[in-house]
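S.K.: could you look at this predicted model? Sequence included:
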Amino acid sequence: MNKSELLKTIADYSEANGPSGFEHEIAKQVLQGVEAFGATELDNMQNVYVHRHGNTRNRLRVQLDAHLDEVGLIVQSIKSNGMLAVLPLGSWVAGNIPAHLFRVRTKEGHWIPAIASSKPPHYLTEAEKKQGVTMEQIELDVGAGSKEEVEAHFGIELAAPVVPDVRFYHDEAKDLLLGKAFDCRLGCAAMTETLRTLKGEDLAVDVVAAYSVQEEIGGRGAAVTARQIEADLAIVFEGTPADDNFAPKDQQQTVLGKGPMLRHIDRSMVTHPGFQRYALNLARERGIAVQEGVRSGGGTNGGLIHTEGKGIPTIVIGMPVRYIHTHYGWARLSDVEAAVELASALLLSFDADVMEKLIY
């Protein structure tokens with residue numbers, strides 16, 4: 001594993017622009033960066049595929065998945081005073097949006113800053129101070145004074161995509177990562193590093209990695225990639241919400257610094273018990289830090305992938321991230337490294353009879 005390459009990949013992916021439905025830029029960036037690992041392909045939805053060098057097309061096939069998109073916004077209308085009304089792309093808590101900096105894409109393809117407006121406390125009534133913010137109240141301010149100025153001088157049109165404006169930060173001494181879109185750019189980086197780690201290795205299975213789109217609005221990209229790949233097994237990488245800053249200590253299952261979390265269940269999937277046990281046992285045998293989770297909410301691309309074809313045994317390797325679906329996330333590099341180590345060990349362990357070993 002190359003730590004400096006992994007860090008650079010995380011930084012580049014985190015800072016890239018790519019809300020759900022508008023993944024073109026991050027897809028191009030990923031496509032250029034993975035060409036050394038296999039034959040690449042881009043489909044009509046902007047899903048990126050990597051058919052690993054060494055695939056024979058007549059062996060058990062493993063799909064790797066991580067989603068390219070991030071939560072963002074889309075311009076719904078331009079008001080007469082120059083403010084931008086928006087709709088969410090993905091799940092947001094409305095109260096987390098005001099007073100934060102965003103990037104809005106112009107019709108020329110440039111990204112310009114915008115502030116999510118917030119009324120100064122000097123002008124708030126007592127009733128306004130007590131009420132929460134709704135999505136319908138959110139407006140973006142690019143500094144314009146009229147609709148005409150927004151369109152003519154700023155070059156912003158209806159349906160312009162919007163992403164948080166955040167720079168990546170790494171504190172090596174504390175093993176900390178800070179940035180946007182760790183859901184799921186950490187997963188994308190871990191998948192890329194897994195391909196890099198296994199470059200030149202002789203595997204007994206074929207591997208196809210899919211960087212999928214539109215996960216945050218329903219997993220639409222993964223529905224396509226799963227049908228195209230027709231895998232026998234699948235490993236999903238994900239940036240998953242940490243619970244260590246609010247859950248009671250004896251109930252925490254997704255703690256920063258304790259390795260990736262392998263979930264047994266969420267709203268989208270009951271994880272294949274045999275594959276889950278196989279992965280957990282291998283992690284313990286190799287001394288790879290992992291956590292187990294039983295989730296009452298949430299979902300991943302695994303929910304769509306595991307129901308394709310005759311059913312695809314699927315596990316999710318989730319790297320803990322605090323404050324996902326906001327501007328900022330805290331994560332630890334050691335958790336990403338452990339995810340890469342586990343995924344690489346799994347792929348190296350698979351043989352032609354692995355399906356028979358996933359017993360439950």
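M.R.: Yep, that arrived. No experiment lies behind these values; they were computed from the predicted model shown. Numbers count the residues shown, from 1 in each chain.

S.K.: what's downstream of the helix or strand where R196 lies, the next helix or strand?
M.R.: Using DSSP states H and E, R196 maps to helix 182-197. Counting by DSSP H and E, the next helix or strand C-terminal to helix 182-197 is strand 206-212.

S.K.: look at the residue most central in space within the chain and report its pLDDT.
M.R.: Compute the mean C-alpha point of the chain, and by CA atoms, centre = their mean the closest residue is C184, 1.2 Å away. As predicted, C184 sits at a pLDDT of 97.

S.K.: wait, doesn't it sit right on P241?
M.R.: No - checked against CB atoms under 8 Å, the pair C184 and P241 is beyond contact range at 11.8 Å. In short, each C-beta sits where N, CA and C put it, glycine included.

S.K.: which stretches in the stretch 251-360 of the chain count as strands?
M.R.: Secondary structure of the stretch 251-360 of the chain (DSSP state E, counting those that start in this stretch): strands at 261-265, 291-294, 314-321, 329-332.

S.K.: to clarify, my last question referred to the stretch 101-250 of the chain.
M.R.: So, for the stretch 101-250 of the chain - with DSSP E, counting those that start in this stretch - the strands run 101-105, 111-116, 139-141, 161-164, 169-171, 176-179, 206-212, 233-241.

S.K.: strand 261-265 and the longest one, what's the angle between them?
M.R.: Angle between the axes of strand 233-241 and strand 261-265 is 110 degrees (criterion: axes from the mean of the first three to the mean of the last three CA atoms, to 10 degrees).

S.K.: what's the average pLDDT for strand 233-241?
M.R.: Rounded mean pLDDT across strand 233-241 is 98.

S.K.: show me what it packs onto, helices and strands only.
M.R.: Other helices and strands packing on strand 233-241, by 3 or more CB pairs under 8 Å, 6 or more residues apart in numbering; DSSP states H and E, are strand 61-67, helix 182-197, helix 302-305, strand 314-321, helix 333-349.

S.K.: how many other residues sit next to S118?
M.R.: 16 (other CB atoms under 10 Å).

S.K.: stretch 31-45: how far from the chain's middle?
M.R.: Mean C-alpha position of stretch 31-45 versus that of the full chain (CA atoms, centre = their mean, to the nearest Å) differs by 18 Å.

S.K.: first to last residue in that stretch, what's the distance?
M.R.: Using CA to CA, to the nearest Å, one end of stretch 31-45 lies 14 Å from the other.

S.K.: which residues are contacting it?
M.R.: 9, 12, 27, 48-53, 55, 192, 195-196, 199, 207, 209, 213-214, 220-221, 224-225, 228 (CB atoms under 8 Å, 6 or more residues apart in numbering).

S.K.: re the thing from before, which among the strands of the stretch 101-250 of the chain is found nearest to K258?
M.R.: K258 sits nearest to strand 233-241 of all those, at 12.6 Å, using CB to CB.

S.K.: which residues touch K258?
M.R.: Taking CB under 8 Å, 6+ apart, one finds A289, Q291, P320, D335 in contact with K258.

S.K.: mind doing that once more with 7 Å?
M.R.: By CB atoms under 7 Å, 6 or more residues apart in numbering, the contact set of K258 is A289, Q291.

S.K.: rewinding a little: pull out the buried members of the contacts of stretch 31-45.
M.R.: The neighbour-count test (16 or more other CB atoms under 10 Å) marks 9, 12, 27, 48-52, 55, 192, 195-196, 207, 209, 213-214, 220-221, 224-225 as buried among the contacts of stretch 31-45.

S.K.: hang on, the earlier thing: and the helix holding R196, what does it pack against?
M.R.: In terms of contacts (3 or more CB pairs under 7 Å, 6 or more residues apart in numbering; DSSP states H and E), helix 182-197 is packed against helix 3-15, strand 61-67, strand 206-212, strand 233-241, strand 314-321, strand 329-332, helix 333-349.

S.K.: hmm, 8 Å instead?
M.R.: For helix 182-197, the packing partners by 3+ CB pairs under 8 Å, 6+ apart are helix 3-15, helix 24-33, strand 61-67, strand 206-212, strand 233-241, strand 314-321, strand 329-332, helix 333-349.

S.K.: and the average pLDDT for the fourth one is what?
M.R.: Model confidence over strand 206-212 averages 98 on the pLDDT scale.

S.K.: can you give me how far that strand is from the chain middle?
M.R.: 15 Å.

S.K.: with only the CA atoms kept, save it in PDB.
M.R.: Output of strand 206-212 as PDB, limited to C-alpha atoms (Å, rounded to 0.1, in the frame of the first residue of the first chain):
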ATOM      1  CA  ASP A 206     -11.900 -11.800 -12.200                       C
ATOM      2  CA  VAL A 207     -12.400  -8.300 -10.700                       C
ATOM      3  CA  VAL A 208     -14.500  -5.500 -12.100                       C
ATOM      4  CA  ALA A 209     -14.500  -2.200 -10.200                       C
ATOM      5  CA  ALA A 210     -17.500   0.100 -10.700                       C
ATOM      6  CA  TYR A 211     -17.400   3.800  -9.600                       C
ATOM      7  CA  SER A 212     -21.200   4.300  -9.700                       C
END
